[in-house]
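J.: Attaching a predicted model along with its sequence, questions to come.
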Amino acid sequence: MAKIFNYVYALIMFLSLFLMGTSGMKYGCKHTGHCPRKMCGAKTTKCRNNKCQCVQL
């Protein structure tokens, strides 16, 4: 029983760390050409402070 509990605990810890790491992921860039065009829908993307951001035209 204790081994099952430890396994489930380790699995939950791993998944929570994985989800926290991927949810905060941003697109990094050096200039505007590095930003994906379809990231913002109708808006355009610009590289500001080494991160891609959506801006209104």
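T.: Looks like it arrived, so ask away. Residues are numbered from 1 along each chain as shown.

J.: in this protein, which segments are predicted with low confidence?
T.: The chain contains residues with pLDDT under 70 at 20-27.

J.: the strands in it, which residues?
T.: 44-48, 51-55 (DSSP state E).

J.: now the helices for this structure?
T.: 2-23 (DSSP state H).

J.: that older thread, among the strands of the chain, which is nearest Leu17?
T.: Judged by C-beta to C-beta, the one of these that comes nearest to Leu17 is strand 51-55, at 22.5 Å. All C-beta spots, glycine's among them, are computed from the backbone N, C-alpha and C.

J.: Tell me the buried residues in the closest one?
T.: 52-53 (16 or more other C-beta atoms under 10 Å).

J.: In terms of secondary structure, what does it contact?
T.: Contacts defined by 3 or more C-beta pairs under 8 Å, 6 or more residues apart in numbering; DSSP states H and E place strand 51-55 against strand 44-48.

J.: Mind listing what's buried along the strand it packs on?
T.: 45, 47.

J.: elements contacting it?
T.: Secondary-structure packing of strand 44-48 (3+ C-beta pairs under 8 Å, 6+ apart): strand 51-55.

J.: what sits up against the strand it packs on?
T.: Contact with strand 51-55 is made by 26-29, 34-36, 39-40, 43-47, as judged by C-beta atoms under 8 Å, 6 or more residues apart in numbering.

J.: Measure how far that strand is from the centre of its chain, please.
T.: 14 Å (C-alpha atoms, centre = their mean, to the nearest Å).

J.: Thank you, goodbye.
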